[in-house]
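Visitor: Quick one, what's the 3D model for this:
(one chain, ligands or ions: 1)
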Amino acid sequence: MTMSDLVQQALDFGFSHAGLLDPATLRVRPEVRQMCAADLCRSYGRNWTCPPASSSLAENARIVERYRSGLIVQTTAQLEDPYDYETMMSAGKQQTRRHAAFREVLRPQYPHLIALGNGACTICATCTYPDAPCRLPHLAIESMESFGLVVTEVCVGNSLGYYYGENTITYTGCYLLELK
Ligand code: SF4
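Guide: Numbering: from 1, shown residues only. Model prediction:
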């Protein structure tokens with residue numbers, strides 16, 4: 001399967017948009033970690049996939065350098081109005097589920113893949129952090145932000161949109177696929 005076929009496969013799987021990701025475009029940025037520390041999403045210090053428990057930016061930069069291909073996937077939803085919180089939540093959950101499910105589709109072909117999603121890992125109803133080790137480390141998914149990535153920058157750097165019109169919301173995830 002070619003990388004272009006992979007984009008089509010992601011679209012067929014149900015993502016609203018998909019595009020190839022060149023890992024060479026990725027920059028891990030300390031500013032994103034500072035935003036995490038502001039704890040607007042109420043996940044900082046509460047989840048194994050979020051700072052300060054998640055891997056260091058230096059480590060993440062080294063991880064990125066080892067990969068030569070990747071994929072970006074998005075779910076876009078139309079909101080009834082800018083305050084349509086219900087649709088926002090539902091689209092976010094849909095992207096989380098789809099992104100995790102597609103990882104399992106990709107895994108046989110890309111056994112070294114790394115999935116980066118939207119928001120803190122929500123596989124367990126309550127994360128064990130910090131009292132006990134992660135229950136399912138092979139399934140836990142770190143967010144792009146926790147990894148140190150600016151989502152809009154990743155999209156722009158790979159010629160994929162991130163805004164699809166008035167009263168829409170888009171959630172983005174990605175996969176690092178092939179090692180160099
Ligand atoms: S799999 Fe469970 S314990 Fe592990 S990071 Fe996710 S929510 Fe936390």
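
Visitor: can you list the residues of the chain near the ligand?
Guide: By CB under 6 Å from any ligand atom, the residues of the chain that approach the ligand are 47-49, 121, 123-124, 127-129, 134-136, 139-140. Where you see a C-beta, it was placed from the backbone N, CA and C, and this is true even at glycine.

Visitor: what's the most distant pair in the residues you listed?
Guide: 129 and 139 (15.2 Å; CB to CB).

Visitor: helices or strands next to the lowest-mean-pLDDT helix or strand in the chain in the packing?
Guide: Lowest mean confidence among the helices and strands of the chain (mean pLDDT, DSSP states H and E): helix 30-37, at a mean of 91. Counting contacts by 3 or more CB pairs under 8 Å, 6 or more residues apart in numbering; DSSP states H and E, helix 30-37 is packed against helix 144-147.

Visitor: who has more neighbours, residue 129 and residue 139?
Guide: residue 129 (19 against 14; other CB atoms under 10 Å).

Visitor: OK, contacts around that one?
Guide: With contact set as CB atoms under 8 Å, 6 or more residues apart in numbering, residue 129 has these partners: 45, 46, 47, 48, 53.

Visitor: Mark which of those residues are buried, thanks.
Guide: 47, 48, 53 (16 or more other CB atoms under 10 Å).

Visitor: ok, now which ones touch the first one?
Guide: Which is residue 47. By CB under 8 Å, 6+ apart, the residues touching residue 47 are 53, 120, 121, 127, 129.

Visitor: Out of the residues of the chain next to the ligand, grab the one that's most surrounded.
Guide: That'd be residue 47 among those, by other CB under 10 Å, with 27 neighbours.

Visitor: any idea which element that one lies in?
Guide: Assessed by DSSP states H and E, residue 47 sits outside every helix and strand.

Visitor: List the contacts of the residue nearest to residue 35 when sequence neighbours are not counted.
Guide: Of all residues not flanking residue 35 in the chain, residue 145 sits nearest, at 7.2 Å (CB to CB, 6 or more residues apart in numbering). Residue 145 makes contact with 32, 35, 36, 151, according to CB under 8 Å, 6+ apart.

Visitor: quick check: longest helix of this structure.
Guide: helix 85-106 (DSSP state H).

Visitor: Which strands and helices lie in contact with the very next helix or strand once past that one?
Guide: Toward the C-terminal end, the helix or strand that comes next after helix 85-106 (DSSP H and E) is strand 114-117. Packing partners of strand 114-117 (3+ CB pairs under 8 Å, 6+ apart): helix 85-106, strand 142-143, helix 144-147, strand 168-176.
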